[in-house]
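Chemist: How does the following fold in three dimensions:
(one chain, ligands or ions: 1)
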Amino acid sequence: MLKLGGFAVSNYYNKVKVALLEKGIAFEEAYHPTSQDEEYRKRSPMGKVPYLDVDGQYLCESQVICEYLEDSFPQTPLYPKDALERARVRELLATLELHMELVARRLYGQAFFGGTASDETKAQVEKELAKGVRAFKQLARFSPFVAGSGLSYADCAAGVHLPLVSLSSKIVLGHDVLADCAQVKPYLKMLNERPAFMKMNEDRKRATEAMAAARAKKG
Ligand SMILES: N[C@@H](CCC(=O)N[C@@H](CS)C(=O)NCC(=O)O)C(=O)O
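Modeler: Below you'll find the model as predicted:
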């Protein structure tokens, strides 16, 4: 059976998990924190989360894992049939991950883990996020899914990344960079009513609480 490695607080882990759940693929979860240990790097060469264990063979990078899932389990597709429409999904994925999540990530230390972002970082993030959000608004369709009429991998990514982009910018920059994109809130609400997203979010909340409790205990 496929094993998803990582932990349920990670947005990239949850992107793959919700895709597995939406596609109805049987899988197990294997808890592992991020690590630079040699042993862990055999599974995930950058030491990141998630990885996928396919009968003892390991895959890293969430989108690579999603492509593997789509190739191996074509039933319940999470890409449209048409080549240009498939490219639209990938365009949104790249925008969400390279130009929004990866940029906002520089704020997570301050937003969620008691760190401090320098004024220079904040100014750079503010500038780059504005461009990413502008591109997202241009590309997102919300009809009703982010890339069109069918649920796709872009929704698996948007559902886990957009809340973090909103929250981290609100906390660190003092304003939610997605506030003037009115479709985002009802769209996320619609996604979060789906059983797969509900399950992923329940597990995420439980794991987040456990992580906070463990940190508090450590002091
Ligand atoms: N491009 C990677 C990003 C994964 C990623 O950044 N995961 C975070 C957890 S949400 C992580 O492992 N961080 C630790 C690190 O970067 O060393 C993917 O799509 O899988």
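
Chemist: how about the residues of this protein that lie near the ligand?
Modeler: Residues of the chain found near the ligand (CB under 6 Å from any ligand atom) are 10-12, 34, 47-49, 61-63. Just so you know, the C-beta spots here come from the backbone N, C-alpha and C atoms, and that holds for glycine as well.

Chemist: Let's see if you can find the most crowded of those residues.
Modeler: Ser62 (29 neighbours; other CB atoms under 10 Å).

Chemist: What does that one show for phi and psi?
Modeler: The phi and psi values for Ser62, taken as degrees, to the nearest 10, are phi -60, psi -40.

Chemist: Secondary structure element for the nearest residue to it once chain neighbours are set aside, which one?
Modeler: Once flanking residues are discounted, Ser62 sits nearest to Tyr12: 4.4 Å by CB to CB, 6 or more residues apart in numbering. Assigned by DSSP states H and E, Tyr12 belongs to helix 11-23.

Chemist: elements contacting that helix?
Modeler: strand 2-6, helix 62-72, helix 153-173, helix 195-218 (3 or more CB pairs under 8 Å, 6 or more residues apart in numbering; DSSP states H and E).

Chemist: got these as TSV, with distance to Val133 columns?
Modeler: Formatted as TSV, the helices and strands packed on helix 11-23 follow (distance: least, CB to CB, whole Å):
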stretch	distance to Val133
strand 2-6	27
helix 62-72	21
helix 153-173	8
helix 195-218	22
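
Chemist: can you tell which of the ones you listed is closest to Thr95?
Modeler: helix 153-173 (9.1 Å; CB to CB).

Chemist: rewinding a little: contacting residues for the residue nearest to Ser62?
Modeler: Counting by CB atoms under 8 Å, 6 or more residues apart in numbering, Tyr12 makes contact with 6, 48-50, 62, 160.

Chemist: go with 7 Å
Modeler: Counting by CB atoms under 7 Å, 6 or more residues apart in numbering, Tyr12 touches 49-50, 62.

Chemist: would you list those residues in a markdown table and tack on pLDDT and distance to Arg41?
Modeler: Converted to a markdown table, the contacts of Tyr12 look like this (pLDDT from 0 to 100; distance: CB to CB, whole Å):
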| residue | pLDDT | distance to Arg41 |
| --- | --- | --- |
| Val49 | 98 | 12 |
| Pro50 | 98 | 14 |
| Ser62 | 98 | 17 |
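
Chemist: how's the protein carved up into domains?
Modeler: 2-72, 83-218 (automatic domain parsing).

Chemist: Give the rounded mean pLDDT of stretch 28-44.
Modeler: Across stretch 28-44, pLDDT averages out at 96.

Chemist: Need the residues that contact that stretch.
Modeler: By CB under 7 Å, 6+ apart, the list of residues contacting stretch 28-44 reads 1, 3-7, 47-49, 51, 53, 58, 60.

Chemist: now do the same end-to-end measure for it.
Modeler: 17 Å (CA to CA, to the nearest Å).

Chemist: Show me what counts as buried in it.
Modeler: 29, 32, 40, 43-44 (16 or more other CB atoms under 10 Å).

Chemist: next one: stretch 56-76
Modeler: Of the residues in stretch 56-76, those buried (16+ other CB under 10 Å) are 59-63, 65-66, 68-70, 73.

Chemist: What of stretch 88-104?
Modeler: 88-90, 92-93, 95-97, 99-101, 103-104.

Chemist: Give me the helices and strands touching the lowest-mean-pLDDT helix or strand in the chain, please.
Modeler: Among the helices and strands of the chain, helix 195-218 carries the lowest confidence by mean pLDDT, DSSP states H and E, at a mean of 94. Contacts defined by 3 or more CB pairs under 7 Å, 6 or more residues apart in numbering; DSSP states H and E place helix 195-218 against helix 11-23, helix 184-192.
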